[in-house]
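1. Task: produce atomic coordinates for the following.
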Amino acid sequence: MKAQIKKLAFLAVAVLGTISMVNAQSAPASAAPAKEVKVSKHDKKGHKKAKEEKKTEAKPEATKAKK
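-> The predicted structure is shown next:
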């Protein structure tokens, strides 16, 4: 009989301890929400266009040099 009460008391302490830990951990996070940091994305299309323009500029110079 004492063993059953001891197990029940241990279980109750474990459950209450777990609940208090979870509540203590989540309380500061909800009090101060983190700011979202917006990161500017790299313009891939603009980069490709710049590369193409460089290639087209380089090609006429190469053909003139060969002549």
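2. May I have the residues that are in contact with Glu36?
-> With contacts taken as CB atoms under 8 Å, 6 or more residues apart in numbering, Glu36 has no neighbouring residues. All C-beta spots, glycine's among them, are computed from the backbone N, C-alpha and C.
3. secondary structure class for it?
-> For Glu36, the assignment made with DSSP: H, G, I helix; E, B strand; the rest coil gives coil.
4. Could you tell me the backbone phi and psi angles at it?
-> The phi and psi torsions at Glu36 (degrees, to the nearest 10) take the values phi -90, psi 130.
5. what's the distance between it and Ile5?
-> Shown here: Glu36 relative to Ile5, a distance of 51 Å by CB to CB, to the nearest Å.
6. Ok, Val22 next?
-> Using CB to CB, one gets 26 Å for the distance from Val22 to Ile5.
7. cool, Lys54 as well?
-> For Lys54, the distance to Ile5 equals 83 Å [CB to CB].
8. Kindly report the same for Ala14.
-> Using CB to CB, one obtains 15 Å as the distance from Ala14 to Ile5.
9. before we move on, what about Glu57?
-> 88 Å.
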